[in-house]
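>>> predicted coordinates and the sequence they were generated for:
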Amino acid sequence: MKFQNNILMADDDKNICELIRLYLEKEGYGVCCVYDGKAAVDAVATGDFSLVILDIMMPVLDGMEALKEIRRNSKIPIIMLTAKGETIDKVLGLELGADDYIVKPFEPKELIARIKAILRRVSDESGGEPDGLNFENLYINKSTYEMKVNGEEVDTPPKELELLFYLCSHPNKVYTRDQLLNEVWGYDYYGDSRTVDVHVKRLREKIDGVSERWSLKTVWGVGYKFEVR
């Protein structure tokens, strides 16, 4: 099976590796597990990965040393994973080039949301996603936070625009409310799924009936999609 993103998981605790692997594969990521810092460095050098999850307390090379070695030759996104909560460890990891830092114990959903946020940022920076989207009688620009309906600019709060832009970027794909919370609001948001319903309702007030070629649809019992006919 070919995955869109392959993730390297480096932790000497095999139980944690297995748990994270199960969660990530359920989300559609390929996962390779290694159990010491040197193996992580070697795997990055020889493999094709989109992101590394790197524990600090590991044999052979600890996580900080592995991070330094990886950063000599690679800009691959790295999330540091550790049981330590001291600020000095977090600061040092970020100064050495880590992209994010998460302390054990943690919720797997939080880790997944952070992974998605980092990969989305990397995709944006590499030009993987356009800033502006055009549909009949609708234009949305994520950089300028501009939305035009029938050629007229419509005042749209940021989260409403980000939600519509995300759905429009993946036409005809159905997303649950929880998926949209993770993708649009991010891992630091702990609201309930009704937030999505409220934003969709407000968007519909702006765009319903604008075109017969597309619409913002409710998929009952599942979530929402931007349907293009």
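Received the coordinates, thanks.

>>> then the helix or strand containing Met147 to PDB, C-alphas only?
Using DSSP states H and E, Met147 sits in strand 146-149. Taking C-alpha atoms only, strand 146-149 is exported to PDB below (Å, rounded to 0.1, in the frame of the first residue of the first chain):
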ATOM      1  CA  GLU A 146     -10.600  37.900   0.700                       C
ATOM      2  CA  MET A 147     -13.800  36.400  -0.500                       C
ATOM      3  CA  LYS A 148     -15.800  37.600  -3.600                       C
ATOM      4  CA  VAL A 149     -19.300  36.500  -4.500                       C
END
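
>>> what about the top helix by length along the chain, average pLDDT?
The helix that spans the most residues within the chain, counting by DSSP state H, is helix 108-125. Throughout helix 108-125, pLDDT has a mean value of 80.

>>> what about the nearest residue to Arg202 once chain neighbours are set aside, how many residues close to it?
Nearest residue to Arg202 in three dimensions, chain neighbours excluded: Glu160, at 5.8 Å (C-beta to C-beta, 6 or more residues apart in numbering). All C-beta spots, glycine's among them, are computed from the backbone N, C-alpha and C. As a burial measure, Glu160 scores 20 neighbours (other C-beta atoms under 10 Å).

>>> Val154 now?
The burial count assigned to Val154 is 14, neighbours taken as other C-beta under 10 Å.

>>> output the lowest mean pLDDT helix or strand found in this structure.
Least confident helix or strand, the chain: helix 87-95 with a mean of 67, by mean pLDDT, DSSP states H and E.

>>> rewinding a little: mind listing what's buried along whichever helix or strand comes after the longest helix of the chain?
Sequence-wise, the next helix or strand downstream of helix 108-125 (DSSP H and E) is strand 132-135. By 16 or more other C-beta atoms under 10 Å, the buried positions in strand 132-135 come out as Leu133, Phe135.

>>> before we move on, what about stretch 46-53?
Here stretch 46-53 shows Phe49, Ser50, Leu51, Val52, Ile53 as buried, counting by 16+ other C-beta under 10 Å.

>>> circling back to that earlier point, what lines up beside the helix or strand following the strand holding Met147 in the sheet?
Downstream of strand 146-149, the first helix or strand assigned by DSSP H and E is strand 152-153. Under the criterion DSSP bridges, strand 152-153 sits next to strand 146-149 (antiparallel) in its sheet.

>>> so for the partner strand, mean pLDDT?
Computed over strand 146-149, the mean pLDDT rounds to 92.

>>> just stretch 31-51 next, same as before
Per-residue pLDDT over stretch 31-51 has a mean of 93.

>>> what segments of the protein are strands?
With DSSP state E as the criterion, the chain has strands at 6-10, 30-34, 51-55, 78-82, 100-103, 132-135, 138-141, 146-149, 152-153, 175-176, 214-219, 223-228.

>>> now the ones you listed as a markdown table including distance to Arg114?
Shown next, in a markdown table, are the strands of the chain (distance: least, C-beta to C-beta, whole Å):
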| stretch | distance to Arg114 |
| --- | --- |
| strand 6-10 | 12 |
| strand 30-34 | 15 |
| strand 51-55 | 10 |
| strand 78-82 | 6 |
| strand 100-103 | 5 |
| strand 132-135 | 26 |
| strand 138-141 | 26 |
| strand 146-149 | 28 |
| strand 152-153 | 34 |
| strand 175-176 | 19 |
| strand 214-219 | 27 |
| strand 223-228 | 22 |
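
>>> just say which of those is most tucked in.
Mean neighbours per residue, mean count of other C-beta atoms under 10 Å, is largest over the strands of the chain for strand 51-55, with a mean of 26.

>>> report the contact partners of the residue lying closest to Asp36 once chain neighbours are set aside.
Spatial nearest neighbour of Asp36, excluding adjacent residues (C-beta to C-beta, 6+ apart): Val60 at 4.1 Å. Contact analysis of Val60 by C-beta atoms under 8 Å, 6 or more residues apart in numbering lists Asp36, Gly37, Lys38, Ala39.
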